[in-house]
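Trainee: the following comprises the amino acid sequence and a computationally predicted model.
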Amino acid sequence: MSLVLPSTMTNIYLSWFDSEISTLTIPSTATIDVNSNSNVEAFALSGDNAKYSVKDGVLFDKTQTTLIAFPRFKEKTSYTVPSSGTVIGRNAFSNNEKLEYLTLPEGLLEMEQIEIGR
């Protein structure tokens, strides 16, 4: 199932989504709280977004310096954080059971409360 959130939503907590979602489309008006990762295969954005960007289904801040959320059900066993990445956000990889190898960029400066897997 794909889910497109309406533009009237201003706060999204990723832990809200219990069902598996193939693509979660986030409105440009929303602020995201990643207190735990959700059952998503990929993230997408609706319209031009001033706060966020998506690369290969992974959610980043607008400049792609902070990785915000790696989808829990993304069908990848390895992932390389882009060279622009300097921060891994809180719970960005939480509950991901498929990821086995994570390559971090040389310019990484900060890893906020990181948890990979269960």
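Mentor: Sure thing, it's come through.
Trainee: the residue nearest to the spatial centre of the chain bridge partners, please.
Mentor: Among the residues of the chain, the one closest to the centroid is residue 69, at 2.0 Å (Cα atoms, centre = their mean). Under DSSP bridges, the beta-bridge partners of residue 69 are residue 59.
Trainee: again, but for residue 24
Mentor: residue 3, residue 43.
Trainee: didn't it look like it was pressed against residue 39?
Mentor: No. With contact defined as Cβ atoms under 8 Å, residue 24 does not count as touching residue 39 (9.2 Å). The C-beta positions use only the backbone N, C-alpha and C, and glycine is treated the same way.
Trainee: looking at those two, which one has more neighbours?
Mentor: residue 24 (25 against 16; other Cβ atoms under 10 Å).
Trainee: from residue 73, how far off is the more buried one?
Mentor: 11 Å (Cβ to Cβ, to the nearest Å).
Trainee: joint contacts of the two?
Mentor: Common neighbours of residue 24 and residue 73 (criterion: Cβ atoms under 8 Å, 6 or more residues apart in numbering): residue 40.
Trainee: for the protein, give me the ranges with low pLDDT.
Mentor: By pLDDT under 70, the weakly predicted segments of the chain are 13-19, 34-38, 113-118.
Trainee: now with 80, please.
Mentor: 1-22, 24, 26, 29, 31-40, 95, 97, 112-118 (pLDDT under 80).
Trainee: quick one: the strands in it?
Mentor: 2-4, 11-13, 21-26, 31-33, 40-45, 52-55, 58-61, 66-69, 78-80, 87-88, 101-103, 110-111 (DSSP state E).
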